[in-house]
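J.: this one's structure only:
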């Protein structure tokens, strides 16, 4: 197909596709004349993948290139590809200098019995979150992590089972990429839907209680107008 | 304190602080001369909050303004503030036109017994993720959502309990904001740490199996080199 059809079928504007071609995110098409190239289904799929990484994952062009490199490298293992993708998605923020946050993150992860590398992006990201919460006087945020770990354990096993469900290594690698990029967005959405539901139920209950009697059952809850 | 000290204590460069002041994200200081202003602890805290929203949450200046507006509005309820923050964080992507993805998202959420508004950002975000996965031929991603819901339910209740733990309404509102922005980043980090741990264990086991016998126990797993 021509580049115009590639654009029509993906919704990606032609100039953007040309940019991806120049940046090497999309392999060149087969030249049919000095100014025209033909593209196949593989290009279509790769372009959709790039768009998913950029849009759903919020990845930079450089990060997309890293991820595609991991996908295309036949030597890379799933375990290693997972690291590359996570690094690309999490990004490398400034190294946190909060020693207390670092110690708290270490104590939390070690408390879970998890092996980890202190320089890994996932760990650094955790330190960064704890440091930010501490700075804003929300030391109690740390107490939330235990529940996060409880929720994350079965999800981690599910993520792995899903990655390993790919019929070929290529398919499995792509699942790792998508599972990370889409998985975070999907979980955030599901968590919000669940929270709205729980919040709506409590809100309705509080409204009903307020309507039922002159004295609210929990004056503090009323004050917070939840 | 002077703006220089505000900068030193937060790590935010003076020109950026001036930009936030111009954009109304930070209230003006008390003028001590035509060219100098004095700032207090409230400014320090607000500046740290803005930075957390921009850096950890990846929010745009407009989105930060919306969130701060929700925090500062004495009329807003926690339930409503949660919606504002989630809208700011999720952002409003292009409306998905994939009817199948829309129907699948609806079936999933209704299957959970959750009330939802189809136009809400959380729901639209879910449709977008499903549409992206479908487009890439990963229809099986849909099957992951059931496990996501199982993990999200207790987390949603925990999020609410945490928000309601704020001693005052102001504190509770700020917890909603931080819980959403930092909560997503923290959960993504914890999920990755859990996944690396699980992946490391399986990797080591597969390596040991490969070393133990000439014929791998699961040829497919070996092919995937997980």
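T.: The structure has been received and is ready for your questions. Keep in mind the model is a prediction, meaning the values are calculated, not measured.
J.: Dead centre of chain A: give me the residue that sits there.
T.: Against the mean C-alpha coordinate of chain A, by CA atoms, centre = their mean, the closest residue is residue A:184 at 3.5 Å.
J.: And the pLDDT at that residue?
T.: On pLDDT, residue A:184 comes in at 82.
J.: wait, does whichever strand or helix holds it contact chain B?
T.: Using DSSP states H and E, residue A:184 falls within helix A:169-212. Yes: using CB under 8 Å from any CB of the partner chain, helix A:169-212 reaches chain B at A:169, A:172, A:174-175, A:178-179, A:182-200, A:202-203. Every residue, glycine included, has its C-beta placed from N, CA and C.
J.: if we can go back for a sec, was I right about the residue nearest to the centre of chain A contacting residue B:189?
T.: No: the pair residue A:184 / residue B:189 is not scored as a contact, 10.4 Å apart, by CB atoms under 8 Å.
J.: With the flanking residues excluded, which residue is spatially nearest to residue A:137?
T.: Distances taken as CB to CB, 6 or more residues apart in numbering or on different chains place residue B:45 nearest to residue A:137, at 7.4 Å, with adjacent residues excluded.
J.: Just the pLDDT at that neighbour, thanks.
T.: At residue B:45, pLDDT is 86.
J.: Is it in contact with residue A:136, as I believe?
T.: Yes: between residue B:45 and residue A:136 there is a contact at 6.8 Å, judged by CB under 8 Å.
J.: So for these two, which residue has more residues nearby?
T.: residue A:136 (20 against 15; other CB atoms under 10 Å in any protein chain shown).
J.: residue ranges with poor pLDDT in chain A?
T.: Applying pLDDT under 70 to chain A flags residues A:56-58, A:74-83, A:85-97, A:169-170, A:213-226.
J.: can you give me the strands for it?
T.: A:30-33, A:36-38 (DSSP state E).
J.: Identify the residues contacting the last one?
T.: Residues outside strand A:36-38 that contact it (CB atoms under 8 Å, 6 or more residues apart in numbering or on different chains): A:1-3, A:28-32.
J.: try it again with 6 Å
T.: Residues from elsewhere that reach strand A:36-38 (CB atoms under 6 Å, 6 or more residues apart in numbering or on different chains): A:29-32.
J.: likewise stretch A:188-200?
T.: B:79, B:86, B:109, B:114-116, B:122, B:125-126, B:148-149, B:152-153, B:155-157, B:159-160, B:184.
J.: does residue A:39 really touch residue A:4, like I thought?
T.: No: using CB atoms under 6 Å, residue A:39 is not in contact with residue A:4; the gap is 10.2 Å.
J.: Those two: which has the busier surroundings?
T.: Counted by other CB under 10 Å, residue A:39 and residue A:4 do not tie: residue A:39 has more neighbours, with 21 against 10.
J.: Now do the same contact list for the closest residue to the more buried one other than its chain neighbours.
T.: Residue nearest to residue A:39 in three dimensions, not counting chain neighbours: residue A:29, with 4.4 Å by CB to CB, 6+ apart. By CB under 6 Å, 6+ apart, the contact list for residue A:29 reads A:37-39.
J.: of these, closest to chain B?
T.: Nearest to chain B, judged by CB to the nearest CB, of the contacts of residue A:29 is residue A:39 at 16.5 Å.
J.: From residue B:112, how far off is that closest one?
T.: Separation of residue A:39 from residue B:112 (CB to CB, to the nearest Å): 41 Å.
J.: Residue A:157 now?
T.: From residue A:157 over to residue B:112 (counting by CB to CB), the distance is 21 Å.
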